[in-house]
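Undergrad: predicted model follows, preceded by the sequence.
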Amino acid sequence: MRAVPERRLRITVAVLLVLVLVVLWLLSRCSTGPETVRVAAVGDMACDPADPDLAKAAAGGERCRHQAVSDLAVAMNPAALIGLGDFQYELPKAEAYRTVYGPSFGRLLNRTIPVYGNQEYKVQDANTFTAYFGNRIRDTRGYWSQTIGRWHVVVLNSNCAAVAGGCRTGSPQQTWLAQDLAANDRTCVLAAWHHPRWSTGIAGPDPRTADLFRTLYDHRVDLVLSGHEADYERFAPLNPDGTPDPQGVRQFVIGTGGQAHYRPAATDDTRDEHGNPEVTAGRPAGEYADFDHHGVLELELRPTSYAWRFHPLEAEKPVTDEGTATCH
């Protein structure tokens, strides 16, 4: 007579255990990653060890300020440093990484997400770059995805002549990107590559990343971070044609890591006759630009939104550009 109640008790306990495990699994799915993480982002950093401006930097020279800029990044204590390429000028030898980059931004090595820039390829197959960053590089093709907090992060290689198949639609990189974004189930997505799709700096808009940018737009990606231009610039969310679009991708250019900064001249092809950004189809002007300061972009990546602050080096204000936005 006792066997039936005991059997029922065992069944009840088993069912409760299964329910507890299901609840724990659901909770783990919902709470993956911290609610908000701080990220620093910057590119175009350390000067060549033989650069004569290195000696002037300590006295407040305008070039080779990577040590001071890295101090800003280190003080943020970020969960990650998104390094936007051109980590070490001019020839990125192992000794240069050890003696110049290492004591500055290298202090955040174990938190760095390294994006391939064009300087890296001045050494065959960027091998000193891959050796220095080691397992921080998740795929030596230069493109992969990972998670920061609650965000999906896509690293891409805009050195289209160096990456197998290039960057056009149908290339291995673009095909992988479309598949990766289609499989993503996170609300907020950030992409990072070196050469900016949009810019009013010296080089101007870069068409080589046009198809990658279109893929980001098609999948409602929120942000793309770039370096290469020696300035800071923030754009409104844009569609693939460069037209403001609330559902577009917002781009930041942060090539202000210390090596140099440049103010475009009226003769540059992105300027009108008065030296102002030329706003035409496919050549939008940024919402904010700083051509005169090195600095670091700070991002707060929240579960469904983000905030940004640009920290310029030795400017009148410690933060000169800031704002918030909701993910798509």
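TA: Nice, I can see it. Residues are numbered from 1 along each chain as shown.

Undergrad: what about the closest residue to Leu238 other than its chain neighbours, how many residues nearby?
TA: Excluding the flanking residues, the one nearest Leu238 by CB to CB, 6 or more residues apart in numbering is Gly248, at 4.5 Å. The way it works is simple: take the backbone N, C-alpha and C, and place the C-beta from them, glycine included. By other CB atoms under 10 Å, 23 other residues sit near Gly248.

Undergrad: any idea how far Gly248 lies from His293?
TA: Going from Gly248 to His293 by CB to CB, to the nearest Å gives 27 Å.

Undergrad: related to what we said a few turns ago, pLDDT at the residue nearest to Leu238, what is it?
TA: Gly248 is assigned a predicted lDDT (pLDDT) of 97.

Undergrad: now the strands for the stretch 101-250 of the chain?
TA: Applying DSSP state E, counting those that start in this stretch to the stretch 101-250 of the chain gives strands spanning 112-114, 144-148, 151-155, 189-192, 223-226, 232-234, 250-254.

Undergrad: would TSV of the ones you listed with distance to Asp211 and mean neighbour count be doable?
TA: Below are those laid out as TSV (distance: least, CB to CB, whole Å; neighbours: other CB atoms under 10 Å):
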stretch	distance to Asp211	mean neighbour count
strand 112-114	23	22
strand 144-148	18	16
strand 151-155	14	23
strand 189-192	13	25
strand 223-226	13	27
strand 232-234	22	25
strand 250-254	15	25
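
Undergrad: closest one to Leu297 among the ones you listed?
TA: The closest of the strands of the stretch 101-250 of the chain to Leu297 is strand 250-254. By CB to CB, the value is 4.7 Å.

Undergrad: and that closest one, which strands flank it?
TA: Take DSSP bridges as the rule and strand 250-254 pairs in its sheet with strand 223-226 (parallel), strand 232-234 (antiparallel).

Undergrad: so for whatever helix or strand comes next after it, what gets flagged as buried?
TA: Once the chain leaves strand 250-254, the next helix or strand it forms, by DSSP states H and E, is strand 288-290. Residues of strand 288-290 classed as buried under the neighbour-count rule (16 or more other CB atoms under 10 Å) are Ala289, Asp290.

Undergrad: which strands and helices lie in contact with strand 288-290?
TA: strand 232-234 (3 or more CB pairs under 8 Å, 6 or more residues apart in numbering; DSSP states H and E).

Undergrad: from the chain's centre, how far out does the strand it packs on sit?
TA: On the basis of CA atoms, centre = their mean, to the nearest Å, strand 232-234 sits 13 Å off its chain's mean C-alpha point.

Undergrad: now do the contacts for Tyr97.
TA: Phe87, Gln88, Gly106, Thr128, Tyr132 (CB atoms under 8 Å, 6 or more residues apart in numbering).

Undergrad: do that again at 7 Å, thanks
TA: Contacts for Tyr97 were tallied using CB atoms under 7 Å, 6 or more residues apart in numbering; they are Gln88, Thr128, Tyr132.

Undergrad: if we only consider these, which is nearest to Phe310?
TA: Gln88 (23.2 Å).

Undergrad: count the residues that sit near that closest one.
TA: With other CB under 10 Å as criterion, Gln88 counts 32.

Undergrad: can you offset everything so residue one is 19?
TA: Sounds good: first residue 19 from here, last item Gln106.

Undergrad: what's the closest non-adjacent residue to Asn202?
TA: His170 (4.8 Å).

Undergrad: again, but for Pro262
TA: Pro262 sits nearest to Ala254 (CB to CB, 6+ apart), 4.8 Å away.

Undergrad: and stretch 135-155, what's its mean pLDDT?
TA: 96.

Undergrad: now do that stretch: distance to the chain's middle.
TA: With CA atoms, centre = their mean, you get 17 Å for stretch 135-155.

Undergrad: one more: stretch 235-244?
TA: With CA atoms, centre = their mean, you get 11 Å for stretch 235-244.

Undergrad: can you give me the end-to-end span of it?
TA: 16 Å (CA to CA, to the nearest Å).

Undergrad: could you do stretch 197-213 as well?
TA: 22 Å.

Undergrad: alright, that wraps it up for me.
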